[in-house]
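> Sharing a model that was predicted from the sequence below.
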Amino acid sequence: MALSYRPSLEIDERHRSDLRSGIGDTRSMASGASQRQAWIIDQVPVREGDRVLELGCGHGVAASLLCDRLGDGAYLGVDRSLKMTAAASDRNRRHISEGRATFQTAQIVDADLDGIYDWVVAIHLPVLDRGDPREELVAVRPHMTPASRFCIGFQPLDGSALETAIERLDGVLELNGFKVSEVARGDPDGRPTAVVFAEPSDL
Ligand SMILES: C[S@@+](CC[C@H](N)C(=O)[O-])C[C@H]1O[C@@H](n2cnc3c(N)ncnc32)[C@H](O)[C@@H]1O
C-alpha cells in the first residue's frame, strides 16, 4: 500500500502553544493536563503494576496521569530533547523519587529501552503522524509481547482529517509488523481525537 505523505505542521504548532502556556490548551485538570491529553490517557486501561513506555514524552503531562495509576508499576519516558526530559522530570519528581518513573534523553532508535512493556504510548509523535517510523517501530517491537499494546493518540487541528490520519497510520503500522486492534474516537474539547491501538502482528 502506498503511503500518502500529508505535510502537517498543525500538531507541532499545538505542542508549541502548550509549551508557551506551560500547560494544556484547556486547563481542565489539577495535573495541568488539557482535556485532550486527559481523554487520550483515559482510553489507555493501564493498571497497577503495569510497565509503560512513552515515546516523545514531552514535558511529562501524560506521564503524570499514567504514573498516578501505576502503583508499583514502572514508567519510562523517552524524549530527544533535554529541555523536555528536564521539564518532565521536574513535573514528576514524586513518581521518580518513589521509583516509578524514569526519563531518558535519547532518540527513540538509540534509547536504552530495557525490558518488556505492557503499554507503549505515543501522543503527537511526529514520525508517526507524518513520517516513516520504520526504524522506531523496529526499535520498540522487541520490548513488546503479543499481549502488549501500542497506543497512539492524536488530534488533528483540522478535525475533518481524522479518518484520513487513522487510515494512513493503519497502513504504516501494517507495513511494519503491527496490526490495529481498536480505535477509540472522541471529541474531548469539541475536536475530533483518536487513540489507535495496535498489537505486534509477527510475535
Ligand atoms: C509534538 S511533541 C508531543 C509531546 C507530548 N507527547 C504531548 O503530547 O504533549 C513531540 C515530542 O516528541 C519528541 N520527539 C520527536 N521525535 C522524537 C524521536 N525520534 N525520538 C525521541 N523524541 C522525539 C520531541 O522532542 C517532542 O518533545
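Received the coordinates, thanks.

> for this protein, longest helix please?
helix 162-175 (DSSP state H).

> Give me the helices and strands touching that helix, please.
With contacts defined as 3 or more CB pairs under 8 Å, 6 or more residues apart in numbering; DSSP states H and E, the packing partners of helix 162-175 are helix 126-130, strand 144-154, strand 178-186, strand 193-200. Every C-beta, even on glycine, is put in place using the N, C-alpha and C of the backbone.

> got the angle between it and strand 144-154?
Compare the direction of helix 162-175 with that of strand 144-154 by axes from the mean of the first three to the mean of the last three CA atoms, to 10 degrees and you get 160 degrees.

> what does helix 162-175 rub up against?
Contacts with helix 162-175, where a contact means CB atoms under 8 Å, 6 or more residues apart in numbering, come from 1, 3-4, 6, 128-129, 132-134, 137, 150, 152, 154, 156, 179-180, 183, 185, 192-194, 196, 198, 201.

> which of the residues you listed count as buried?
The neighbour-count criterion (16 or more other CB atoms under 10 Å) marks 128-129, 133, 137, 150, 152, 154, 156, 180, 183, 192-194, 196, 198 among these as buried.

> Pull the most distant pair out of these.
Spanning the widest gap among those are 137 and 192, at 25.0 Å by CB to CB.

> dump the residue contacts of the spatially most central residue of the chain.
Per CA atoms, centre = their mean, the C-alpha nearest to the average position across the chain is that of residue 122, at 1.6 Å. Contact partners of residue 122, counting by CB under 8 Å, 6+ apart, are 54, 55, 56, 128, 150, 151, 152, 153.
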